[in-house]
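Engineer: Structural data only, the sequence is not supplied:
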């Protein structure tokens, strides 16, 4: 019984960390976002292939800083969180209006709204150890006029 209770507390703690991540993202605060991760954590933006894989603290921060710079009104809505063991999956809608070039897509002032799937894996200290993010990249590009 105690193990189940401890697992439940860990799941709640991990879900809370995910919500803190998305709150920081909504606040455009990448320092708070990356502060939730272990120093050796990784991130993989799946539609970018191998070029989308890197360290959470450096590569992830650079991508999120670029997103925030290119879409200064970017925001997110967490639609669903589910936890199983050390993994939390978040279904999130992200949207924003482009004001600068992003990933080779010139700004036409268009807005995107895109469903994303974030898969967080946590270490024993309940820090984000890895994050995988997926979205429909073709739809994202079309919405921006590419």
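Structural biologist: Received, thanks. Being a predicted model, the structure only gives us computed values, none of them experimental. Numbering: from 1, shown residues only.

Engineer: How about the backbone phi and psi for residue 51?
Structural biologist: phi -70, psi -10 (degrees, to the nearest 10).

Engineer: Do me a favour and get the end-to-end distance for stretch 60-80?
Structural biologist: 22 Å (Cα to Cα, to the nearest Å).

Engineer: For it, what is the distance to the chain centroid?
Structural biologist: On the basis of Cα atoms, centre = their mean, to the nearest Å, stretch 60-80 sits 8 Å off its chain's mean C-alpha point.

Engineer: what comes into contact with it?
Structural biologist: 18-19, 22, 25-26, 28, 30, 33-34, 37, 43, 45, 54, 89-102, 107, 112, 115, 131 (Cβ atoms under 8 Å, 6 or more residues apart in numbering). For every residue, glycine as well, the C-beta is placed using N, CA and C.

Engineer: do that again at 7 Å, thanks
Structural biologist: 19, 22, 25-26, 28, 30, 33-34, 43, 45, 54, 90-102 (Cβ atoms under 7 Å, 6 or more residues apart in numbering).

Engineer: Show me what the top helix by length along the chain is packed against.
Structural biologist: For the chain, the longest helix by residue count, based on DSSP state H, is helix 2-26. Applying 3 or more Cβ pairs under 7 Å, 6 or more residues apart in numbering; DSSP states H and E, one finds that helix 2-26 contacts helix 30-34, strand 75-84, strand 87-97.

Engineer: how close does residue 117 get to residue 28?
Structural biologist: Distance, residue 117 to residue 28, by Cβ to Cβ, to the nearest Å: 22 Å.

Engineer: With neighbour numbers in mind, choose between these two.
Structural biologist: Taking neighbours as other Cβ atoms under 10 Å, residue 117 and residue 28 compare with residue 28 leading, 18 against 14.

Engineer: hmm, back to that, select only the buried ones of the contacts of stretch 60-80 in ChimeraX?
Structural biologist: Per 16 or more other Cβ atoms under 10 Å, the buried members of these correspond to this ChimeraX selection:
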select :22,25,28,30,33,34,43,45,54,90,92,94,96,98,102
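
Engineer: What sits closest to residue 76 if chain neighbours are left out?
Structural biologist: residue 94 (4.7 Å; Cβ to Cβ, 6 or more residues apart in numbering).
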